[in-house]
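Engineer: Just a sequence and a predicted model for now, questions to come.
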Amino acid sequence: MDRPETSAVGSKVRLLAGDKKGPVCEVRAGSGYWSQDSAVQVMNLSAAPTHIWIQWPDGKTTTSELPKGATEVEINARGGVTLRASGQ
């Protein structure tokens, strides 16, 4: 039985602030011999981000509203946003 992909490897992620778009970051598992990349994406935008856009590995896209002042969130495959306390 295949396990579902829970770390979103292969997804493309972008922060949005109104009509401003941040750079696209790709979730990767490792980029070289004996390497490992974190599933946590550290992102920043010059303006306060209002939404997060994700293109999932299956090609589906979601755009989710971010809670005002959020510094750390978790997004599920349906685009649901969970606010996380920093350092969790």
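Structural biologist: Happy to help now that I have it. Numbers count the residues shown, from 1 in each chain.
Engineer: Tell me, how many residues neighbour Gly69?
Structural biologist: 7 (other C-beta atoms under 10 Å). For every residue, glycine as well, the C-beta is placed using N, CA and C.
Engineer: Please give the element, helix or strand, for it.
Structural biologist: Here Gly69 sits in a region with no helix or strand, counting by DSSP states H and E.
Engineer: measure it to Lys20 for me?
Structural biologist: Distance of Gly69 to Lys20, given as C-beta to C-beta, to the nearest Å: 18 Å.
Engineer: what are the ranges of the strands in the chain?
Structural biologist: Listed in chain order, the strands found in the chain under DSSP state E are 12-17, 20-21, 25-26, 51-55, 61-65, 73-75, 81-83.
Engineer: Can you give me the neighbour number for the residue nearest to Ala47 when sequence neighbours are not counted?
Structural biologist: In space, and not counting its chain neighbours, Ala47 is closest to Ala17: 3.8 Å by C-beta to C-beta, 6 or more residues apart in numbering. Neighbour count for Ala17, taken as other C-beta under 10 Å: 15.
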